[in-house]
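[1] my questions concern the predicted model and sequence given below.
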Amino acid sequence: GRLLAELARNPDIDTAIRAAALAVQDSGSATVDSAAHTAHTGENTEEGGDDESGVRGRSTAIAVDRATAVRAAESVLGPLSALADADHLDAVTATAVLDGRDPSPATTAILQLLPLAPDPNATADRVRLLRRCTIATPGTAVHQFTDCVEIPHLYLEYTRGTLDRLFVGRKKYTPSLLPPPLMELLTATPATAPLRLMIVPTGFFHIPFDALPVTADTHVLDHALVSIHGSLTSALSLMRLEEQRTPSPALAIYDHELKHAQPELDALLTALDRVQRVDSLPDLGHEMTVETTQPFSLLAMAVHGSADDHGWGQAKKLRDDEGNTVWVTAAQALSWTVPRLCVLASCNTPISAPNGIEVGGFPLALMLRGATTVIGGLYNIDDKATSDIMITFWRRLGSGESALSALRNAKLDYLQINPDYRRLWPEYWAG
């Protein structure tokens, strides 16, 4: 509901998407009483009575309106249109998501985090956190653990000024965010056979989960292949799409003013076949504005990025045809049709979640427009460290690794070359 409201009210959002969001909102709020009011105003005088047939007729009309609205949402919201269908809510569980994955010999866990309404008996600086961990090990029954803990309210807060505190104090975050069964599983899992960990971090999209300590010498990155999801519904909807097995053909746009962008681009061109380069926003917009299926499998961007408190104003720095600086926002990206895999080696590309609810950001915009996997920076990221990691990422992706595995292994390779950065500069590899 919050997402639909944001899409409907924001004037920067594509008009077709705003109209669809309004249609779903209107149909969702309709009742037989409101339908009767419409009838009495003269729009449908034949069904204006209060007898049983009139109520039945108004109920049928509401059902038709809602079905039409959901179809409209599907046409513009892409794979996440399931979020507009209330029928999915009862069916989507962590177990359903695990059942929807391809058969895998690896143990898989889903961690769900949900901050609860303040307890009137608790202090103002504490908040209750519901934690649910669902674990599926091949050959055994699914195990689910749920508990509720109190954590400092400041763990929910993130501003650019608190980034140092987040990384310095990340050791304190581990017992608050990772429940005991998950910690036991991570500790017992070797780096050579990582746990598949899917996290739905409502309220905690700013947390660098890879950097949370597990043992005295290791972090979540060492034990798990991590992906972040806005909700179980979106995770299941994206998983049901046919996976894009090859990253070619690819579309690449790189800012040559970034000192270390060129080596990264060279690595991409060496690793993948059929890479088309574009240098301006008009050229990028032309390739991303298609009425049929997006012919590219991959979008690669390495440009400056700016943050925004509400997400839809997140912007990427590009050029126009004359070489002048222009910025494209997440709201404007909603008019694109994008590839399944989008790699944004760019600062400030998180899901924005004011008050813990995902309502904006480039990842959400790209997933609404066709992406199933989005890679991007959470904060202001170091140019050189990012380039080093991405050079290895492209090599591994080109050799046949999945995007998630390639990114994890590229980070581990970086830490093997720069072991001191594991503790001194975690933002270099986990941001």
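    Right, received. Where do you want to start?
[2] could you list the low-pLDDT ranges of the stretch 151-300 of the chain?
    Where the stretch 151-300 of the chain drops to pLDDT under 70, the residues are 158-165, 239-245.
[3] where along this protein do the strands fall?
    Under the criterion DSSP state E, the chain contains strands at 108-115, 126-136, 143-152, 195-201, 224-228, 250-254, 275-277, 298-302, 305-306, 315-319, 325-329, 341-344, 373-376.
[4] for those, give me CSV that also has mean neighbour count.
    Placement of C-beta: from N, CA and C, glycine included. Putting these into CSV (neighbours: other CB atoms under 10 Å) gives the following:
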stretch, mean neighbour count
strand 108-115, 21
strand 126-136, 20
strand 143-152, 14
strand 195-201, 22
strand 224-228, 20
strand 250-254, 23
strand 275-277, 16
strand 298-302, 24
strand 305-306, 19
strand 315-319, 22
strand 325-329, 16
strand 341-344, 24
strand 373-376, 21
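[5] which parts of the stretch 151-300 of the chain are helices?
    For the stretch 151-300 of the chain, the helices defined by DSSP state H, counting those that start in this stretch occupy 163-168, 170-177, 180-188, 220-223, 232-239, 261-271, 281-288.
[6] sorry, back to before: so which of the strands of the chain gets nearest Thr93?
    strand 126-136 (8.3 Å; CB to CB).
[7] of all the strands of the chain, which one is nearest Pro181?
    Closest approach to Pro181 among these is made by strand 143-152 (4.6 Å; CB to CB).
[8] what lines up beside the closest one in the sheet?
    Sheet pairing of strand 143-152 (DSSP bridges) gives strand 126-136 (antiparallel).
[9] would you mind writing the CA trace of the strand it pairs with as PDB?
    Taking C-alpha atoms only, strand 126-136 is exported to PDB below (Å, rounded to 0.1, in the frame of the first residue of the first chain):
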ATOM      1  CA  ARG A 126      14.700   0.600  22.400                       C
ATOM      2  CA  VAL A 127      12.600  -1.200  19.800                       C
ATOM      3  CA  ARG A 128      11.200  -4.700  19.600                       C
ATOM      4  CA  LEU A 129      12.500  -6.800  16.600                       C
ATOM      5  CA  LEU A 130      10.700  -9.900  15.300                       C
ATOM      6  CA  ARG A 131      13.300 -12.400  13.800                       C
ATOM      7  CA  ARG A 132      12.300 -15.400  11.800                       C
ATOM      8  CA  CYS A 133      14.800 -17.800  10.300                       C
ATOM      9  CA  THR A 134      13.600 -20.600   8.000                       C
ATOM     10  CA  ILE A 135      16.200 -23.200   7.200                       C
ATOM     11  CA  ALA A 136      16.000 -25.900   4.500                       C
END
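[10] what distance separates that strand from the centre of its chain?
    Distance of strand 126-136 from the chain centroid (CA atoms, centre = their mean, to the nearest Å) equals 19 Å.
[11] stretch 361-377 too?
    So, by CA atoms, centre = their mean, the centroid of stretch 361-377 is 6 Å from its chain's centroid.
[12] now swap in stretch 306-315 and tell me
    With CA atoms, centre = their mean, you get 15 Å for stretch 306-315.
[13] that older thread, just put the strands of the chain in TSV and tack on distance to Thr392.
    Formatted as TSV, those follow (distance: least, CB to CB, whole Å):
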stretch	distance to Thr392
strand 108-115	25
strand 126-136	30
strand 143-152	35
strand 195-201	21
strand 224-228	16
strand 250-254	17
strand 275-277	17
strand 298-302	15
strand 305-306	21
strand 315-319	23
strand 325-329	28
strand 341-344	13
strand 373-376	13
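[14] before we move on, back to that, between the helices of the stretch 151-300 of the chain, which gets nearest to Thr325?
    So among the helices of the stretch 151-300 of the chain, helix 281-288 is nearest, using CB to CB, at 9.9 Å.
[15] tilt between that closest one and strand 325-329?
    Angle, helix 281-288 to strand 325-329, by axes from the mean of the first three to the mean of the last three CA atoms, to 10 degrees: 30 degrees.
[16] on contacts alone, who are the packing partners of helix 281-288?
    Helix 281-288 is packed against strand 250-254, strand 315-319, strand 325-329, with contacts defined by 3 or more CB pairs under 8 Å, 6 or more residues apart in numbering; DSSP states H and E.
[17] residues making contact with the second one?
    Put plainly, it is strand 315-319. 253, 255, 279-281, 284, 301, 303-306, 308, 325-330, 344, 346, 362 (CB atoms under 8 Å, 6 or more residues apart in numbering).
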